[in-house]
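[1] Pasting a predicted model and its sequence here:
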Amino acid sequence: MIDPLKAFMQANALSPSAFAPGSRYHGLDTAQWVQPDGELITYVRRRFIPAPENFATIQEHQVVEGDRLDNLAATYIGDPQQYWGLCDGNGAIRPNELTETIGKRLRITLPEGVPGGSDV
């Protein structure tokens, strides 16, 4: 079975502008690798998670039973697809780690590098 994402990336030889401005991958470089059989693989280079101290806290959310990161992003950021912004602001590599512990306090932050907030 052909991987649709792989096929799309290879067919379009993706450039950084291939991702929407709101995507966590926007602006990342791509690279190519040639497999031993000659197949060319195009991939997005690694994205490093920014340091949480690069984000200004505007408020906090205490995790309750049933919280989902996409719903929290919709509530606090206005877009469920921006859940990764909550991950970045809290230094999370795995998105689920943010909501798996009831009572955990999540930082709701401004985008990286935007000054302001209370840094509660």
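    Received the coordinates, thanks.
[2] just checking, what packs against the one helix or strand I41 maps to?
    Element membership of I41, judged by DSSP states H and E, is strand 40-44. Other elements packing on strand 40-44 under the criterion 3 or more CB pairs under 8 Å, 6 or more residues apart in numbering; DSSP states H and E are helix 4-12, strand 30-34. Backbone N, C-alpha and C define where each C-beta goes, glycine included.
[3] ranking these by mean pLDDT, which is last?
    Lowest mean pLDDT within the helices and strands packed on strand 40-44: helix 4-12, a mean of 60.
[4] Any regions of the chain where pLDDT drops low?
    The chain contains residues with pLDDT under 70 at 1-17, 117-120.
[5] Show me where it has its helices.
    In the chain, helices defined by DSSP state H lie at 4-12, 69-76, 83-89, listed in chain order.
[6] Report the angle between the strand holding I41 and strand 30-34.
    On the basis of axes from the mean of the first three to the mean of the last three CA atoms, to 10 degrees, strand 40-44 is oriented at 150 degrees to strand 30-34.
[7] mind checking how far strand 40-44 is from the chain centre?
    20 Å (CA atoms, centre = their mean, to the nearest Å).
[8] partners of it in the sheet?
    With DSSP bridges as the criterion, the sheet partners recorded for strand 40-44 are strand 30-34 (antiparallel).
[9] what comes up buried for the strand it pairs with?
    Buried residues in strand 30-34, counting neighbours by 16 or more other CB atoms under 10 Å, are found at T30.
[10] Alpha carbons only: can I get it in PDB?
    Taking only C-alpha atoms (Å, rounded to 0.1, in the frame of the first residue of the first chain), the coordinates of strand 30-34 have been written out as PDB:
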ATOM      1  CA  THR A  30      13.100  19.500   3.600                       C
ATOM      2  CA  ALA A  31      15.800  17.100   2.600                       C
ATOM      3  CA  GLN A  32      16.100  14.100   0.400                       C
ATOM      4  CA  TRP A  33      17.600  10.700   0.900                       C
ATOM      5  CA  VAL A  34      18.200   8.000  -1.700                       C
END
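[11] Fine, thanks again, bye for now.
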